[in-house]
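**Student:** Provided below are the primary sequence and the corresponding predicted coordinates.
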Amino acid sequence: MAGSEDAAAFEESVRRVVEDRVAPDVTFRRVERLTGGASQETYRIEADGPDGALIYAMRRSPGGLPPETTRENPGLDVEAELMRAARSVGVPEPEVFHVLEPEDGIGLGFIMEWIDGEALGSRINRRPEFAELRTHLAYDCGVALARIHSVDLNAHGLRGRLAELDPEAFVHEMWERYQGYETPQPMIDYTARWLLDNLPQNPRSTLVHNDFRNGNFLVDEKGITAVLDWEVSHIGDPMRDLGWISTNSWRFGGTGPVGGFGEYSDLFRGYEDESGIKVDPAHVRFWEVFGSFWWSVGCLTFAEHYRNGPDKSVERAAVGRRTSECQVDCVNLIIPGPCEMMAEAPPRSWEMPEVRELITSVRDFLREDVMTETRGRVNFMARVAANSLDIALREAATGDALRTWEHAELTRLLGRDGDLGELKWSLVHELRADRPLADPALQTYLRTSVTNQIAIDQPRYSGLATALTHGGPDAR
C-alpha cells in the first residue's frame, strides 16, 4: 500500500474483491505488503475457506497507479496472461484467479494462487537444504527457458500485446532511455557502442521472459515451483534470457556463473535437451554484457522514479546506486585490466563530531535499535537505509580523491579543462559520436573510475574483486 492511501479503505477494497470476485465462499481476514518488490508491489492475502485457511498473492503497480507506458512494459493484465500461457506449456506457475478491474478500486494488478517456496537468491545459493537442488538447478532453468520460448504467441493472443525487439532495437531503446535521465555515465555509453559493434546475426524470435534470474523464481528442495515477474516480457532473441540468468548481478555471492549456483554447460544442456536447439556460447555472452548494460540503466530508472514517481521509498533511491555494480561488470567483460585505487582520507579529528561520525551514529541507530524493534517491511527498509548511510561514509572517505583524479585524467584525455561535470559530459558526447573505443587511455579512465565508484557504492560486490584481479570474461 502506498503511503498516501488510506489503510482501512484499501483493506476493505481487497476484502470486497476477494469475497466477491475471487472466491465467494471465503471470508477475508487480512492483507499485508511484503518486503522487496521494488518495481511492483506484492501482497499476501489471508482468508478462511470451507476447508480451512487460504492464502492468495496479489501483484499491483506502485500505488495502484498506471505505470509509465513504455514498449518494454506490457502491463499487469498482460503479465497475468503470460503466466497462464507459460503454465500451459509446463512452466511452473501459480493459477491466476482475477485480474483487477477499475470498479475493484485497488488499481492495476491481479490476484493469484499462493505458491510456497524460496525466492531469495542468497539462500538458494548457500542454505544446506538446497545443496542437492543446486546440482541440477542450472539444467532445470535451461528446461524452463526452452519451454517459455516455445509458447505459441498467436494462440495466446500475445503477439499484438507485446513489444517486438531485435537486438539492435533493444540496445538503442535502453541507450536512449539512459540519455533521457541526463546523467553522464561514460561506461554506459561505451558499452552501448560495444554492443552495437557486436550484434548477433539473424537470431530467432520468440517470447522472451526478460527477467528470468535467481531471485525471480521460487524453489523448494526438489526444483522450481514458480516463475515470477513477467512484467518486462517481449518478443525477441531468446538467448537474452540465457544471458540474463548468467549476469553477475544475480549470482548473490555464489561462484557459479549461472545464478551463482550452476555452470553454463548445465544451463545450455537443459535448454538443448528440451528444445533440440544448439546454444552458441558467444551469442549468450553478448546478452550477458547486455544484461549488465540493461540493469545499469534500470538502476538509474529507479533513481528517476524516486525523484518523480508515486513511491518515494528509500529502496528506490538505494537501487539507483547499484548502477556502478553493473558498470564494473561491463568493465570486467569487455575492457579488463589494472587500475589505481584511491587512498582513504583521514578523519578530521578537530571536528567534534566529524560528519562521518554523525552519519555513523544514525546508521548504528537504524541497525541496533530500529531493526531490533521492527519486522517486515519497516525492518527491511531500515536495513536499506543503513546500507545507504554506509555508502555516504565511503563517499566521504574517498569521493574527493576520486573526483580529483577523474578531473586530471579527463583533462588529459580530452585536451581541455573545465569542471568535472562538463568534462564527463564532453566524453559522453564524444562516445555517442565516433570516438574510437580501442583507445587505451580511454579504457584506463573508464576502468579506474568505475572500479573506484563500486568500491564506494558496494565494496562487497563480487565484480570489484574481479576487477582488482584485472577482470576478464568468465571461462566458458
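**Tutor:** The structure has been received and is ready for your questions.
**Student:** Go ahead and report the secondary structure state at R44.
**Tutor:** strand (DSSP: H, G, I helix; E, B strand; the rest coil).
**Student:** my guess is it contacts R59, does it?
**Tutor:** No. The criterion here is CB atoms under 8 Å, and R44 misses it with R59 at 11.5 Å. Yep, even glycine has a C-beta here, placed from its N, CA and C like the rest.
**Student:** Tell me which of these two has more neighbours.
**Tutor:** When R44 is set against R59 and neighbours are counted by other CB atoms under 10 Å, the residue ahead is R59, at 24 against 14.
**Student:** Give me the contacts around the helix or strand hosting that one.
**Tutor:** Taking DSSP states H and E as the definition, R59 sits inside strand 52-60. Contacts of strand 52-60 with the rest of the structure, by CB atoms under 8 Å, 6 or more residues apart in numbering, involve 14, 18, 22-23, 26, 31, 40-48, 76, 79, 94, 97, 100, 106-115.
**Student:** For E422, report the pLDDT, please.
**Tutor:** pLDDT, E422: 97.
**Student:** three-state assignment of it?
**Tutor:** Under three-state DSSP, E422 comes out as helix.
**Student:** burial count for it?
**Tutor:** Using other CB under 10 Å: E422 sits among 13 other residues.
**Student:** what's the distance between it and L414?
**Tutor:** 10 Å (CB to CB, to the nearest Å).
**Student:** Equivalent analysis for M381, please.
**Tutor:** From M381 to L414 the distance is 41 Å (CB to CB).
**Student:** so what's R161 up against?
**Tutor:** 74, 78, 81.
**Student:** Could you look up the SS state of the second one?
**Tutor:** Here V78 is recorded as helix under three-state DSSP.
**Student:** And it, how far from V91?
**Tutor:** 16 Å.
**Student:** Tell me which of those two has more neighbours.
**Tutor:** Ranked by neighbour count (other CB under 10 Å), V78 and V91 place V91 first, with 24 against 18.
**Student:** For A47, which residues are in contact?
**Tutor:** 18, 23, 26-29, 53-56.
**Student:** swap in R447?
**Tutor:** 331, 335-339, 467, 471.
**Student:** Between these, which sits nearest T404?
**Tutor:** C339 (15.8 Å; CB to CB).
**Student:** all strands for the stretch 51-200 of the chain, in order.
**Tutor:** Ranges of strands in the stretch 51-200 of the chain, per DSSP state E, counting those that start in this stretch, are 52-60, 96-99, 109-113, 164-165.
**Student:** now the angle between strand 109-113 and the longest one, please.
**Tutor:** Going back to what we said before, that points to strand 52-60. 150 degrees (axes from the mean of the first three to the mean of the last three CA atoms, to 10 degrees).
**Student:** tell me the average confidence for strand 52-60?
**Tutor:** 92.
**Student:** what lines up beside that strand in the sheet?
**Tutor:** Applying DSSP bridges, strand 52-60 is found paired with strand 41-49 (antiparallel), strand 109-113 (antiparallel).
**Student:** Ok, which of those comes nearest N452?
**Tutor:** strand 41-49 (35.5 Å).
**Student:** Just give me how far that closest one sits from the chain centre.
**Tutor:** Averaging C-alpha positions (CA atoms, centre = their mean, to the nearest Å) puts strand 41-49 25 Å from its chain's average.
**Student:** Pull out the buried residues from that strand.
**Tutor:** Residues of strand 41-49 classed as buried by neighbour count (16 or more other CB atoms under 10 Å): 41-43, 45, 47.
**Student:** Show me how to select, in ChimeraX, the buried members of the contacts of A47.
**Tutor:** To isolate the buried ones among the contacts of A47 in ChimeraX, judged by 16+ other CB under 10 Å, type:
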select :18,23,26,28,54,56
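**Student:** Switch the contacts of A47 over to a markdown table; also include distance to E406.
**Tutor:** Below are the contacts of A47 laid out as a markdown table (distance: CB to CB, whole Å):
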| residue | distance to E406 |
| --- | --- |
| V18 | 55 |
| A23 | 59 |
| V26 | 60 |
| T27 | 61 |
| F28 | 56 |
| R29 | 56 |
| A53 | 58 |
| L54 | 57 |
| I55 | 51 |
| Y56 | 51 |
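**Student:** ok, so of the contacts of A47, who is nearest G236?
**Tutor:** Y56 (32.2 Å).
**Student:** is the closest one in a bridge, and if so with what?
**Tutor:** Applying DSSP bridges to Y56 gives these bridge partners: I45, E113.
**Student:** any idea which residue sits dead centre in the protein?
**Tutor:** W295 (5.8 Å; CA atoms, centre = their mean).
**Student:** residues touching that one, list them.
**Tutor:** 247, 249, 322, 326.
**Student:** Tell me the one of those residues nearest D266?
**Tutor:** Nearest to D266 among the contacts of W295, with distances taken as CB to CB, is T247, at 16.8 Å.
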